[in-house]
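K.L.:
sequence first, predicted coordinates after that:
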Amino acid sequence: MSSAQYTSVPSADLDGISGNIFVPGSEENDDTLDEPVSTTLMRDAKAVGSKFFHVLIPRDGSLLLKDWDLWGPLILCTILAIILQGHSSDGKHDGGPEFAQVFVIIWLGAGVVTLNSKLLNGKLSFFQSICVLGYCILPLTASAIIVKILAFALKKGLVKFIVDFIIVFISFAWSMIAAVCFLKSTNNPGKALISTYPVGLFYFIIAWLVISQP
């Protein structure tokens, strides 16, 4: 039985094939894995506050589209759902929407707007749609709070309805202007009106819930 012959292979210089894994944007200064939780929360809070400011004063929508998040929409949806939930003081249902229904309306609205944008060759993702639509309900959420406060100051009647209508109409227009400003870069230029229609319908439903709250 012949013994196996092994040929020694000279060791090659490995310097030519060695290297480091580099991920773009992962510089040492951008590493947030080891930072304190308080620092992370403060940075996120500043980002959310900056987006709220962009909604109050609609400008370039690139911030909400490129650096989207769901913190703002979650906060606003929770506040809006608490205000609009349909239960009176004795625990009976008074005709308003349930807590979860407000979230369903937001998600379905975002899905419809995204689908409409895709059908019209737009450039809008689902989570970008939720981010923009969610942040832009800030004026309507503020109007819901004001209407709820006025319910304790004014009696139900024509005067209160007119005051509520003016407040909600202004907030509806504000939300629409902000959303259109942010979404115009994602829409097909030749079909801007058709792309805007579902957004208007979405905010109209929210405005109707606000003005018809018990």
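P.N.:
Nice, thanks for sending it over.
K.L.:
can we go C-alpha only for contacts and neighbour counts from here?
P.N.:
OK.
K.L.:
grab the nearest non-local neighbour of Phe179.
P.N.:
Actually, residue 179 is Ala. It isn't Phe. Distance criterion Cα to Cα, 6 or more residues apart in numbering; nearest residue to Ala179, sequence neighbours excluded, is Cys136 at 6.0 Å.
K.L.:
do Ile177 as well
P.N.:
Per Cα to Cα, 6+ apart, closest to Ile177 is Pro58, 7.5 Å.
K.L.:
returning to what we had before: so what's the residue nearest to Ala179 up against?
P.N.:
Residues near Cys136 by Cα atoms under 8 Å, 6 or more residues apart in numbering: Val55, Ser175, Met176, Ala178, Ala179.
K.L.:
how close does Gly190 get to Met176?
P.N.:
In this structure, Gly190 and Met176 are 19 Å apart, going by Cα to Cα, to the nearest Å.
K.L.:
just for the chain, where's the confidence low?
P.N.:
Low-confidence segments of the chain, defined by pLDDT under 70, are located at 1-33, 60-64, 86-96, 214.
K.L.:
let me see the backbone angles for the residue nearest in space to the middle of the chain.
P.N.:
Centroid-nearest residue in the chain: Cys131, 2.1 Å away (criterion: Cα atoms, centre = their mean). With angles defined as degrees, to the nearest 10, Cys131 sits at phi -60, psi -50.
K.L.:
if we can go back for a sec, neighbour count: Gly190 and Met176, which is higher?
P.N.:
Legend: neighbour count by other Cα atoms under 10 Å for Gly190 and Met176, higher for Met176 (23 against 9).
K.L.:
what does stretch 191-208 contact?
P.N.:
Identification of contacts with stretch 191-208 by Cα under 8 Å, 6+ apart yields 109, 112-113, 116-117, 120, 137, 140, 168-169, 172, 175-176, 179-180, 184, 187-188.
K.L.:
the same query, at a cut-off of 7 Å, please.
P.N.:
Contacts of stretch 191-208 from elsewhere in the structure, counted by Cα atoms under 7 Å, 6 or more residues apart in numbering, are Gly109, Val113, Asn116, Ser117, Leu140, Val168, Phe172, Met176, Val180, Asn187.
K.L.:
could I get the buried residue list for the helix or strand hosting Ile206?
P.N.:
Counting by DSSP states H and E, the element that carries Ile206 is helix 192-211. Residues of helix 192-211 classed as buried by neighbour count (16 or more other Cα atoms under 10 Å): 192, 195-196, 198-200, 202-204, 206-207, 209-211.
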